[in-house]
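>>> fold the following.
(chains A and B)
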Amino acid sequence: MTVTETPVTSEAARPAPRRRRRSANRSSRDAWVLVLPALIPVLILSVVPLARGVYLGFTDSRAGLGIKTHVIGFANFSKLWHNSLLLESFRIGLIWAVSVTLLQFLLALGLALLLNEDLRLRWLARTLALIPWAMSPVIVAILWKLLLSPTVGPIDITLNRLHISQTHINWLGDFNTALPAVIIVGVWVGMPQTTITLLAGLQGIPSELQEAAAVDGANTWDRFFHITLPHLRPIIFAITSLDFIWNFNSFGLVYVLTAGGPGGKTMLPMLFAYNEAFRYGNFGYAAAMGDVMVLVVVVFLGLYLRAGLRRSEA
Amino acid sequence: MTRRRPMTRAAQYVALAAYLVFLGFPLLWLLSMSLKSPRELASIAPQLIPKHFHWSNYSDALSEQGLLRAGLNSLLVAIASTALTIAVALPAAYALGRFKTRLRGIATGWILVSQLFPVVLIVIPLFMILRSLHLLNSLVGLTLVYVVWTLPFALWMLRGYVAALPPDLEEAAAVDGASRPRILVSIVLPLLRPGIVATAMFAFISSWNEFFFALVLLRGNAQTLPLSLSLFVGSEGQVSLGPLAAAAVLATIPSLLVFAVIQRRLTSGLLAGAVKG
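Residues are numbered from 1 along each chain as shown, chains lettered A, B, ... in the order given. Prediction:
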């Protein structure tokens, strides 16, 4: 198999490979033939559009047909910088992504630790934890809209009955509660994937280690901090990074829950960009927003992963 | 330590109960609402268990013209895109799992990069491309987009399954003089069946539940189920809550059934893809 690792790209395109390295070239040509049916649609409908999307950020492209598009350099970006609504949207997006990712992780870690124990009803928790994963974001949003409804929703009525709150709270419609309410829904829907990933990691920790530590007199906390957590570290970094990307770029859930309201309090960057592109037709401007979103995610993840690496070296 | 054990256990059960409520109550509530009569739904002292089971919410949801049509559209798109995804991903996954070409690094890189970019960057050019091909507002256009959109992960999963197959069988068949297509069809394909089933179900759920592309690319009469359900919520007040809850339950059933079958394989497939680098 190592023979095929020689450079293949230039020869692969040729119909007749040279005799001397016939078998190596043949298998690489076979690989290309097999990959081609996947490669072509991905190139046409994914790679090219993505490159063009990035490029559109530097143009004044608009939605209508037959409108001439001009390259305008960084004009969109300086406009973005002076748009206070948009900066607010990025602030909201970061609050949302960081708090959802963090809460998701803490709750999922707790649940994964429980599921890793020999408890009754474990199967039920495992099943329930997986259901939101199978649901469309639209249905999750409908479900929580019904739950959080100020008139017929059980959450509000329970709080009233327990005398925790005296008035009816319009969770998704109130300036102060909309973002926290949406964050809770985000945590609920994203927990399954994080839980299952962490559980898989937990099950990969050799039990001899825990037993040996217990024999040496380490208590539950010690074992958690000195054995479990260090072993989980790579998985924790992987899943929280992915969760952060997914949350920062998320759209459907909040779009159906609040559509960015009330008064833009839950206007995630994706919602802002969607409105800009498909409500107002400013394709170039919306694409520039997308470009900035990529930068924000890259910078954030870079800082996060660097901090993680440094800590594991120390 | 042995003395603290029962306390720890009790605390664990309390925590587990809290999780069960947090995760399960919303689902039970949806189910309960789907079975309540309009009068009971408007009650200011709602009960979890309906007084009378009002099954007609379900028939009302089904008789809603737009919803049934949208459900059929969703089914059509999900089946077509699943079949296409598998057909396209299978050979590629085999190549990536078996040959050590540069493609492998490129494919992995692309899968990671495609996660990083917000969909808005890709959807604007896609909108323009589909418009010029007259595939906007068309289920065919949406299907193509779904295929490409699920392909990276489907490829990732399938490649893991291919890499897990021992190559000995194929080599033995090659020694016996079987041609490569023959080997693929009569040896690799049957062995891969569980992996194919899991990947197909994953692709089915992805397109059945997808919302954003449908919202942007379908602006005419053709609608998918998530899209038409989201429109119902938009005009809240006009729609009765019971049938809405019933429709939400019905729309979840297919993906739940599929999910029940694959959930174990999905996680093992993920890990297989991740480990067999």
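
>>> what does the helix or strand containing A:P230 contact?
Counting by DSSP states H and E, the element that carries A:P230 is helix A:229-248. By C-beta atoms under 8 Å, 6 or more residues apart in numbering or on different chains, the surrounding residues in contact with helix A:229-248 are A:93-94, A:96-98, A:100-101, A:104-105, A:186, A:190, A:193-194, A:197-198, A:200-202, A:204-205, A:209, A:269, A:293, A:296-297, A:300-301, A:304-305, A:308, A:312, B:115-116, B:118. (C-beta placed from N, C-alpha, C; glycine too.)

>>> just the buried ones from those?
A:93-94, A:96-97, A:100-101, A:104-105, A:186, A:190, A:193-194, A:197-198, A:200-202, A:269, A:293, A:296-297, A:300-301, A:308, B:118 (16 or more other C-beta atoms under 10 Å in any protein chain shown).

>>> just the residues you listed: which are in helices?
A:93-94, A:96-97, A:100-101, A:104-105, A:186, A:190, A:193-194, A:197-198, A:200-202, A:269, A:293, A:296-297, A:300-301, A:308 (DSSP state H).

>>> average pLDDT across stretch B:232-245?
Rounded to a whole number, the mean pLDDT of stretch B:232-245 is 70.

>>> again, but for stretch A:274-292
Average pLDDT, stretch A:274-292: 92.

>>> chain center to it: distance?
How far stretch A:274-292 lies from its chain's middle: 20 Å, per C-alpha atoms, centre = their mean, to the nearest Å.

>>> CA atoms of it as CSV?
Taking C-alpha atoms only, stretch A:274-292 is exported to CSV below (Å, rounded to 0.1, in the frame of the first residue of the first chain):
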residue,chain,number,x,y,z
TYR,A,274,-30.6,36.1,6.6
ASN,A,275,-32.7,39.2,6.8
GLU,A,276,-30.1,41.3,5.1
ALA,A,277,-29.8,38.8,2.2
PHE,A,278,-33.3,37.5,1.7
ARG,A,279,-35.5,40.3,3.1
TYR,A,280,-33.6,43.3,1.9
GLY,A,281,-31.7,41.6,-1.0
ASN,A,282,-28.3,42.9,0.1
PHE,A,283,-26.3,39.8,-1.0
GLY,A,284,-22.9,41.4,-0.8
TYR,A,285,-23.5,42.9,2.6
ALA,A,286,-24.8,39.7,4.0
ALA,A,287,-21.9,37.7,2.6
ALA,A,288,-19.5,40.2,4.2
MET,A,289,-21.3,39.4,7.5
GLY,A,290,-20.7,35.7,6.9
ASP,A,291,-17.0,36.4,6.3
VAL,A,292,-16.8,38.2,9.6
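
>>> so what touches that stretch?
Taking contacts as C-beta under 8 Å, 6+ apart, the residues outside stretch A:274-292 that touch it are A:53-64, A:69, A:72, A:76-77, A:79-80, A:86, A:90, A:251, A:255, A:260, A:269, A:272-273, B:117-118, B:120-121, B:123-124, B:128, B:216.

>>> for chain A, name the helix or strand with the lowest mean pLDDT.
The element with the least model confidence among the helices and strands of chain A, by mean pLDDT, DSSP states H and E, is helix A:9-12, at a mean of 40.

>>> following it, which helix or strand comes up?
Moving toward the C-terminus from helix A:9-12, the first helix or strand encountered (DSSP H and E) is helix A:22-42.

>>> quick one, what contacts the nearest residue to B:K36 once chain neighbours are set aside?
Distances taken as C-beta to C-beta, 6 or more residues apart in numbering or on different chains put B:P50 closest to B:K36, at 4.7 Å, once the chain neighbours are dropped. Counting by C-beta under 8 Å, 6+ apart, B:P50 makes contact with B:S32, B:L35, B:K36, B:S37, B:E40.

>>> that's all I had, so thanks and see you.
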